[in-house]
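# Sharing a sequence plus its predicted fold:
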Amino acid sequence: MALKALDIYKLLPKKNCKECGEPTCLTFAMKLAAGKADIEKCPYLDEEASRILGASTKPPIQRVKIGVGERSFAVGDEFVQFRHEKTFNHQPGILVAVSDLWPDDRIQDVVREVRDGVLVRIGTDLRLDGIAIRCESGSAEEFSRAVAAVEAKADLPEVLMAADPGVMEAGLSVCGAFRPLIYAATDENYQGMCALAGKFGCPLTIRAESLESLAKLSALAAKEGAPALLIDPSATTLSDYIKKATAIRQNAVSKTVPDLGYPIFFDTTVTGMQDAALALGVDKYASVLVCDRLSIPSRNALLTLRQNIYTDPQKPIQMNPGIYRVGEPVRDSPVFLSVNFSLTYFTLQGYLEASGVPCYMLVVDTEGYSVLTAVAGGKLNETLVAESIKKTGLESEVDHRTLIIPGYAAPLSGKIEDESGWKVLVGPRDAAGVAEFLEKEWKK
Amino acid sequence: MPMKVDIISEWTGEIGEVTIGATKKEGGSRCAAIVIGGGSGFPFLGGSAPGRKPLIAFEFCDDPKLWSPIVTEFEGDVVNDAGAWAARAEERHRPDLLRFYLTSTRRRGFQEFSQVGRSVEEVLERSTLPLIVEGSIDPAIDSETFLRCGEAGEGERLLLGTAEEGRYRSVAAAAMAYGHSVIAQSPIDVNLAKQLNILLRETGVPHDRIVIDPYTGALGYGFEYSYSAMERIRYAALKGDEDLAMPMISSAIDSLNIKEVREADPGQRGEMAVKWELYTAVSSAIAGASVVCVRHPDTIVPLRSAIDSLWGKTGGGD
Ligand code: SF4
């Protein structure tokens, strides 16, 4: 758990000697609390303090930034195994693979798709993140040509995928200034790859089959001076991936094996079932996902799942009661009664939007229950509705006095009329029927 | 350093098992009695008690006007005959289970209760897979509807849905009278799920005849809550909370009605429906659902490959 600046300050030596590079112990404590300083900079910590602070100020999974500019993204910096424990911080980057065996125009078709493709959901632009350039030719020349073809079209984050450090260097000499992710250092080539990562200041992925060798290799790479790491447990089946990724996450966040405290890289193209692998990677701990070109449906489902999983789970599932507008309603627009269970709200809102008729939604507080449950349990009743009409000032919003209630609230219609003085129209049971209902029954 | 790095599992609780379907020998007519649930870990992590591989249920109904046109257009005329639809789904789509929705009961003023029993009988006659039956969703007709469903499926060990807080007695009574199990649905909340299970138990429904439905919101419309509710329920069960240690069922029933799918480019609508269901069902299985439900027939093949690959060669264990 993160400590507050004052708690950290209490543990510091309070010498104000400036050796940490900060003017006072207190400013050092504030930087630590924000995760912007390294605890090891203070030489005077006693053992107890460094144990507590070392464990609580450094994220158990390193933060790594990939790319530069507008589309760059950061991953890692995660603290929990389950999103319900707190939240997942940094959504995985999704990079679409191209091959250096392809001609420039084929490569650039993919680049344009990633550059321009966007799905707009609840006011947010969702996009794929970048391009993975795969060396399949074995030639340094072809590889740097492919990198240049990508660079010519977009400033997207990149993964350079080549096994030979010589080939990698050719690619880095084209785009090394833009923080591409190097893929991958293995047992055989790690010294060469680490040297390149150091020289170009780029993040490096290390790959090994077993978690033990991954931990060993990551320690070696860190010693060789690689500035930032990702780890790839080389899973080829979904079973292999979920087991390894879970073990990595658990051992990292519990700090049991700190050498596994790096974001996970998952190349989904090797699994032979890309959609499922992408869903799995989003759900379970991947930070960089590589995939082949996605159809629009795959892309939309994937981006939506990622948005869902990386939403803060503390966000309440209940809507605030009140008046909501669909489109631009006017004084004679219909008013729909709904409950503050957000899924009910979103479903109805979706269908109202689709109907094209501007209207109001009066959302009342049923403690987050759906209509059916709220009616059965007495949480949705005439008093609540009448009070909500008064409290929200609905009567000054519209000139008419007609309330459309959900089909399942039909037993309440008489009582609501008596209690509120409004006329009640019973709407459809299934929100899917609202468009038809509006057409046939909403007449002023 | 060269210690073995492994999954950390410190669980003691175990997930209960529920049997769906009864074979001839057991007094029913299903091709198998399927056991769901079991195990004492998170899904797909192997270990010594991995539980059982999640199953796929295909959903269909008796009143196709209340079903997504994406599916009814794909399936063609067969959707007008529930028995024929069941037979075709079993033969061509090859799910593990069938889930039959009596959507006819959702029309205003529904009173054709004898038809309810006949529809269930017809589905049972024309298919052999273990069957889940979804009856009324209206307290006013629950009692009569569930009684007819239960009666028609006597001996078949159906899974009957759906009980909710405030309207669980009719389902429970029908299940108890005719030997079926019950789906217990709560609005995406661990405590409410637990509370309903306790209520059902007090009514006399035993632990091994309850399947939890934590309510699955569609992808993009609250799925994240459902995902975490499932993980939390499983987590609580593994920590020893027996009132939550039942297998779970997940069905994102609104998937094909949401704007992203319904208003997709006509050329892509079918694929959009399939991908939306696939991403949701794979994620639900990962979160702990023992039965994942789909409505588009084309979702079944990729979903099965995904579950098989997640499960691994060794049956989830090492
Ligand atoms: S080095 Fe340590 S003692 Fe000196 S100012 Fe920094 S925190 Fe305080």
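Happy to help now that I have it. The structure displayed is predicted, hence computed values, not measured ones.
# Run the chain-centre distance for the worst-scoring helix or strand of chain A on mean pLDDT.
The weakest-scoring helix or strand in chain A, judged by mean pLDDT, DSSP states H and E, is helix A:47-57 (a mean of 75). Chain-centre distance of helix A:47-57: 30 Å, with C-alpha atoms, centre = their mean, to the nearest Å.
# Show me what that helix packs onto, helices and strands only.
Applying 3 or more C-beta pairs under 8 Å, 6 or more residues apart in numbering or on different chains; DSSP states H and E, one finds that helix A:47-57 makes contact with helix A:5-11, helix A:25-33. Heads up, the C-betas are built off the backbone N, CA and C, glycines and all.
# from the stretch 1-150 of chain B, which residue is nearest to chain A?
B:Val5 (3.9 Å; C-beta to the nearest C-beta).
# Let's verify that residue: helix, strand, or coil?
coil (DSSP: H, G, I helix; E, B strand; the rest coil).
# Thought A:Thr246 was touching it, still the case?
No - counting by C-beta atoms under 8 Å, B:Val5 does not reach A:Thr246; the two are 11.2 Å apart.
# in stretch B:134-142, what counts as buried?
Within stretch B:134-142, the residues that qualify as buried are B:134-139, B:141-142, counting by 16 or more other C-beta atoms under 10 Å in any protein chain shown.
# so of those, which ones are in helices?
B:139, B:141-142 (DSSP state H).
# Tell me which residue in the stretch 101-250 of chain B sits closest to chain A.
B:Gly166 (3.2 Å).
# Grab the nearest non-local neighbour of that residue.
Leaving aside its sequence neighbours, B:Gly166 sits nearest to A:Ala376 (C-beta to C-beta, 6 or more residues apart in numbering or on different chains; 3.2 Å).
# For that neighbour, what are phi and psi?
Phi and psi for A:Ala376, reported as degrees, to the nearest 10, are phi -60, psi -40.
# Surely it and B:Ala140 touch.
No - when contacts are counted by C-beta under 8 Å, A:Ala376 is not listed as touching B:Ala140 (10.3 Å).
# So in chain B, where's the weakest helix or strand by average pLDDT?
Of chain B's SSEs (mean pLDDT, DSSP H and E), minimum confidence goes to helix B:259-262, a mean of 88.
# Tell me how many other residues crowd residue 233.
Looking at chain A here, since you left the chain open. Counted with other C-beta atoms under 10 Å in any protein chain shown, residues neighbouring A:Pro233 total 22.
# Can you look at chain B instead?
So B:Ile233, with other C-beta under 10 Å, has 25 neighbours.
# Can you give me the neighbour number for residue 164?
Using chain A here. Neighbour tally, A:Asp164, other C-beta under 10 Å: 16.
# My question was about chain B, not that one.
Counted with other C-beta under 10 Å, B:Glu164 comes out at 25.
# try the one 10 residues further on
The burial count assigned to B:Ala174 is 26, neighbours taken as other C-beta under 10 Å.
# what ranges do the helices span in the stretch 251-400 of chain A?
Taking DSSP state H, counting those that start in this stretch as the test, the helices found in the stretch 251-400 of chain A are A:274-283, A:296-309, A:342-355, A:371-376, A:382-392, A:394-397.
# I'd like the distance from the closest residue to B:Ser9 other than its chain neighbours to A:Val80, if you could.
The shortest distance from B:Ser9 to any non-neighbouring residue, by C-beta to C-beta, 6+ apart, is to B:Gly41 (5.6 Å). The gap separating B:Gly41 from A:Val80 is 18 Å, by C-beta to C-beta, to the nearest Å.
# Comparing those two, which residue is more hemmed in?
Counted by other C-beta under 10 Å, B:Gly41 and A:Val80 do not tie: B:Gly41 has more neighbours, with 22 against 14.
# The more buried one: what secondary structure?
B:Gly41 is classified as coil under three-state DSSP.
# any idea of the pLDDT on it?
Note for B:Gly41: predicted pLDDT of 90.
# before we move on, what about A:Leu3?
pLDDT recorded at A:Leu3 is 73.
# what number of residues lie near it?
A:Leu3: 18 neighbours (other C-beta under 10 Å).
# Work out for me the element it sits within.
Assigned by DSSP states H and E, A:Leu3 belongs to no helix or strand.
# Now the closest residue to B:Ala285 other than its chain neighbours: phi and psi?
What sits nearest to B:Ala285 in space, not counting adjacent residues and going by C-beta to C-beta, 6+ apart, is B:Pro54, at 4.4 Å. B:Pro54 has phi and psi values of phi -60, psi 150 when expressed as degrees, to the nearest 10.
# wait, A:Ala226 sits on A:Lys199?
No - in this structure, A:Ala226 is not within contact of A:Lys199 by C-beta under 8 Å, at 10.5 Å.
# Compare these two (neighbour count), which wins?
Remark: of A:Ala226 and A:Lys199, A:Ala226 carries more neighbours, 24 against 12, as counted by other C-beta under 10 Å.
# about what we covered before: okay, the residue nearest to B:Gly166 and A:Val426: tell me how far apart.
17 Å.
# again with A:Ile66
For A:Ile66, the distance to A:Val426 - C-beta to C-beta - is 55 Å.
# which one of the two has more residues nearby?
The residue with more neighbours, out of A:Ile66 and A:Val426, is A:Ile66; 27 against 18, by other C-beta under 10 Å.
# Might one say that the more buried one is in contact with A:His90?
No - using C-beta under 8 Å, A:Ile66 makes no contact with A:His90, being 10.6 Å away.
# what is in contact with the two at once?
Residues within reach of A:Ile66 and of A:His90 at once, by C-beta atoms under 8 Å, 6 or more residues apart in numbering or on different chains, are A:73-75.
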